[in-house]
Every structure is written in structure tokens, then in C-alpha cells.
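K.L.:
turn this into a structure:
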Amino acid sequence: MITIFFAHGFEEIEGLAVLDILRRAELDVRSVGVGGREITGSHGITVTCDMTALDADTKDLEMVVLPGGMPGTLNLEKSQIVTTFIQYAVEQNLWLAAICAAPSILGHMGLLAGKRVTCFPGFETQLGEDAIFTGSFVERDSKLVTARGAGVAVDFGLELVECLLGSERAGALRASLQCR
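P.N.:
Modelled structure (predicted):
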């Protein structure tokens, strides 16, 4: 099970494009609203999540995905449920993915030391002193995937598909989406 957390002020492209791509890959994914089932993004688009954070659990969890955006990233970081899921993923060696400003949450938790990571420009100082900032559009280091922002949300989603289903499946999906 993949859990994508949505909090008020999330970047719509980063959350919805990734959710769409994971569902096109026929992966088991649920959208989880922090603060309710209806969550409004940073550009005024309201989405109805599959469940609220209060209803989410870690049973069968494979991956946690954190969209960025402001103030969505700050709202995710304030959630004890979100930070519990992140810590659980780390402890169980599960996939952890964050895009745009959201890698800062992991940096503040001290989880990026020695890891190759990327983020939205300007958030590099929030990754922690020992994080290895690459500036790449999408970066994978072990079971951690980070990405720069909305413009690479499709690439980020496809990288997550590759992590879980392999490069052949991700490549076929990339071709069907008409991506470069």
C-alpha cells in the first residue's frame, strides 16, 4: 500500500499527477487527507481524499509520498500522524518519497544525513548539514526518492513506479503517457 498525504496548501500537480501515475500503474495507493477528507491545494483546487489521516494505518504500507507546496509542506510537518508514518517507513526500510519543499520535513527529522537528495531551490538549507544536495530533477538514494518540484512531478511519479515495479513497467507507462 502506498500512502500519499495531502494537507491544505499542497501543490496540486505534485500530489495529483503522482497519484494518477501510481493508479495507472495499477499500484495499491490511497490518498490521505490531513485535516479532513476534503483538502484544498495551494491553487484553490479541492480534492476528496480516500480517507482522513485519523483513519490511516501502516498495515501493508510499502511507501509514503509527501507532495510539497506551501503551506502544504508546513501542514504535513505539523501532523503527528504524518511524522509517525515517516518514522515507521524509515524503521521498516520502506520507500519514502518527497517532492518540492517536502524533503525539508525529512531534513528537520534528521533523516537525510549522508543521503543524495534534491528539493525545490531555496530549501537546500532545510535538508540538514550532512545531506548531499545534488540539484537533480529527481534523485534516488536507497529507499529514498526526492524531486525538485511541480515541473518534474510526472518524472517523480514514474520513478516511484520504477522503484516498485521495475524499469520495464515504468518505461511502458512513460511511453503510454507520451513523455520524453
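
K.L.:
test my guess that residue 83 contacts residue 77.
P.N.:
Yes. Judged on CB atoms under 8 Å, residue 83 makes contact with residue 77 at a distance of 7.3 Å. The C-beta positions use only the backbone N, C-alpha and C, and glycine is treated the same way.

K.L.:
neighbour-wise, which of those two wins?
P.N.:
residue 77 (20 against 15; other CB atoms under 10 Å).

K.L.:
for that one, which non-adjacent residue is spatially closest?
P.N.:
Leaving aside its chain neighbours, residue 77 sits nearest to residue 105 (4.6 Å; criterion: CB to CB, 6 or more residues apart in numbering).

K.L.:
ok, the nearest residue in space to residue 79 that is not next to it in sequence to residue 139 distance?
P.N.:
In space, and not counting its chain neighbours, residue 79 is closest to residue 34: 4.8 Å by CB to CB, 6+ apart. Here the criterion is CB to CB, to the nearest Å. By it, residue 34 lies 25 Å from residue 139.

K.L.:
now do residue 175
P.N.:
In terms of CB to CB, residue 175 sits 23 Å off from residue 139.

K.L.:
and residue 28, by the same measure?
P.N.:
25 Å.

K.L.:
quick one on the thing from earlier: report how many residues lie close to the residue nearest to residue 79.
P.N.:
With other CB under 10 Å as criterion, residue 34 counts 22.

K.L.:
who's in contact with it?
P.N.:
Listed by CB atoms under 8 Å, 6 or more residues apart in numbering, the contact set of residue 34 reads 5-8, 52-53, 75-76, 79, 81-82.

K.L.:
what do you get if the cut-off is 10 Å, keeping everything else the same?
P.N.:
Residue 34 makes contact with 5-8, 10, 49, 52-54, 56, 72, 75-76, 78-79, 81-82, according to CB atoms under 10 Å, 6 or more residues apart in numbering.

K.L.:
phi first, then psi, for the nearest residue to residue 143 once chain neighbours are set aside.
P.N.:
In this structure, residue 143 finds its nearest non-sequential neighbour in residue 95, 5.0 Å apart by CB to CB, 6+ apart. Dihedral pair for residue 95: phi -70, psi 140, per degrees, to the nearest 10.

K.L.:
tally of neighbours for residue 95?
P.N.:
Count around residue 95 with other CB under 10 Å applied: 19.

K.L.:
measure it to residue 125 for me?
P.N.:
Taken as CB to CB, the span from residue 95 to residue 125 is 25 Å.

K.L.:
all strands of the protein, in order?
P.N.:
Along the chain, counting by DSSP state E, strands occupy 2-7, 29-34, 38-40, 46-48, 51-52, 63-66, 95-99, 116-117, 132-133, 138-141, 144-147.
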